[in-house]
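Chemist: no FASTA, just this:
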C-alpha cells in the first residue's frame, strides 16, 4: 500500500500554517479600532458640551428676562462652558440668548428664550 503524502509538505518539512497572519491582521485592524474609539469618545464629549451649553443658555435667558445685568448673563454662560460667547437679543417681550462654543473643528450653537419681566 502506498504511503499517503502529507498535505502542504514542502521539501520534507511540515507545512507551518498561517499562525503569523493573526498578528498581521491585528496590526492592520488596530489603527482602525483606535480611530473609531477616538471618534466615539470625541462625539460623546461634544454632546456633553452641547448639553451644558444649552442648560447655560436657558439659565442665562431666565436671568436676562428678570433684568439681570449683561455681565451676569455672560458670566453664567462662560462659567458653564469654556470659550463660550453669548449674545443677548430682545424681541418684543421675549429675551433670547444665543451662545457659541468651539468643539474641535465644529462650533456648537444654542439658543434659549424667556418671557421678559418674569420673576
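Modeler: The structure has been received and is ready for your questions. This one's a predicted model, so the numbers in the text were calculated from it and none came from an experiment. Numbering: from 1, shown residues only.

Chemist: Look up how far residue 37 lies from the spatially most central residue of the chain.
Modeler: For the chain, the residue nearest the mean C-alpha position is residue 43 (2.3 Å; CA atoms, centre = their mean). Distance from residue 43 to residue 37, counting by CB to CB, to the nearest Å: 11 Å. All C-beta atoms are positioned from the backbone trio N, CA, C, and that covers glycine.

Chemist: related to what we said a few turns ago, ok but the residue nearest to the centre of the chain is inside a strand, no?
Modeler: No - Residue 43: not assigned to a strand; according to DSSP: H, G, I helix; E, B strand; the rest coil it is helix.

Chemist: ok, it - contacts?
Modeler: Residues near residue 43 by CB atoms under 8 Å, 6 or more residues apart in numbering: none.

Chemist: Equivalent analysis for residue 115, please.
Modeler: Residues near residue 115 by CB under 8 Å, 6+ apart: 65, 93-95.

Chemist: Make TSV out of the residues you listed and add neighbour count and pLDDT.
Modeler: Converted to TSV, these look like this (neighbours: other CB atoms under 10 Å; pLDDT from 0 to 100):
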residue	neighbour count	pLDDT
65	23	94
93	10	92
94	13	95
95	25	96
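
Chemist: Mark which of those are part of helices, please.
Modeler: In helices, judged by DSSP state H, the following of the contacts of residue 115 are found: residue 65.

Chemist: Among the contacts of residue 115, which one sits closest to residue 104?
Modeler: Among the contacts of residue 115, residue 95 lies closest to residue 104 (CB to CB), at 30.7 Å.

Chemist: so the closest one bridges to which residues?
Modeler: Beta-bridge pairing of residue 95 under DSSP bridges involves residue 90, residue 114.

Chemist: Next: the one 5 residues further on.
Modeler: Residues in a beta bridge with residue 100, per DSSP bridges, are residue 85, residue 109.

Chemist: Is it correct that it is in contact with residue 108?
Modeler: Yes - applying CB atoms under 8 Å, one finds residue 100 in contact with residue 108, separated by 6.8 Å.

Chemist: And those two? Which one has more around it.
Modeler: Ranked by neighbour count (other CB atoms under 10 Å), residue 100 and residue 108 place residue 108 first, with 19 against 16.
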